[in-house]
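1. take a look and give me a structure for this.
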Amino acid sequence: MNMKNIDQSMSSVKPVMWTQEDALQVLKYLEPVLATQGYHCALAGSILYQGTSTKDLDVIIYPHAKTADEVDLRSIKKFLRGYFLAKNPLLDCGRSSRDTYYDDVPSPSFWPNRDEKKVSVIITSEEKRIDFFFLS
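-> Alright, predicted model coming up:
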């Protein structure tokens, strides 16, 4: 392999966006805050099984009890946006088309049009993507 081929293969390698250490720091901070609202958080995705991610951090947020109120979820989303100094509102990948939610917000290229899960996406002030999976 010549030097040109090495340079080309190096340029195609995506940089690591999140490490497991980064993710654990986030979850260690979030857990006690979420617990006061009756929720907990868990790690998922490539960070969990590979230790790094070039794309995003997947965080599952789930209620401690089945009686968790929807109002609490809205306050949690507001907290998450503020804590991460998000550059966007939490973009909900819900049952409706992306355009029905945020007509004034440019749709990110990664938005899954067909996704029926309760997933909210933010981009942090450090340009890192976090996918929050809200379970009921």
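2. hey, what's the nearest residue to Ser136 once chain neighbours are set aside bridged with?
-> Distance criterion C-beta to C-beta, 6 or more residues apart in numbering; nearest residue to Ser136, sequence neighbours excluded, is Pro63 at 6.7 Å. Bear in mind the C-beta positions are built from the backbone N, C-alpha and C, glycine included. Using DSSP bridges, the bridge partners assigned to Pro63 are Tyr39.
3. contact partners for Pro63?
-> Gly38, Tyr39, His40, Leu135, Ser136 (C-beta atoms under 8 Å, 6 or more residues apart in numbering).
4. list the buried residues in the lengthiest helix in the chain.
-> In the chain, with assignment by DSSP state H, the single longest helix is helix 20-35. For helix 20-35, the neighbour count (16 or more other C-beta atoms under 10 Å) marks Gln20, Asp22, Ala23, Val26, Leu27, Leu30, Leu34 as buried.
5. neighbour count and pLDDT for the contacts of Pro63 - can I get that in TSV?
-> Supplementary listing: the contacts of Pro63 in TSV, determined by neighbours: other C-beta atoms under 10 Å; pLDDT from 0 to 100:
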residue	neighbour count	pLDDT
Gly38	15	87
Tyr39	21	90
His40	16	93
Leu135	13	83
Ser136	9	75
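6. now those residues in CSV, with distance to Ser46?
-> CSV is the format used below for the contacts of Pro63 (distance: C-beta to C-beta, whole Å):
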residue, distance to Ser46
Gly38, 29
Tyr39, 23
His40, 21
Leu135, 19
Ser136, 25
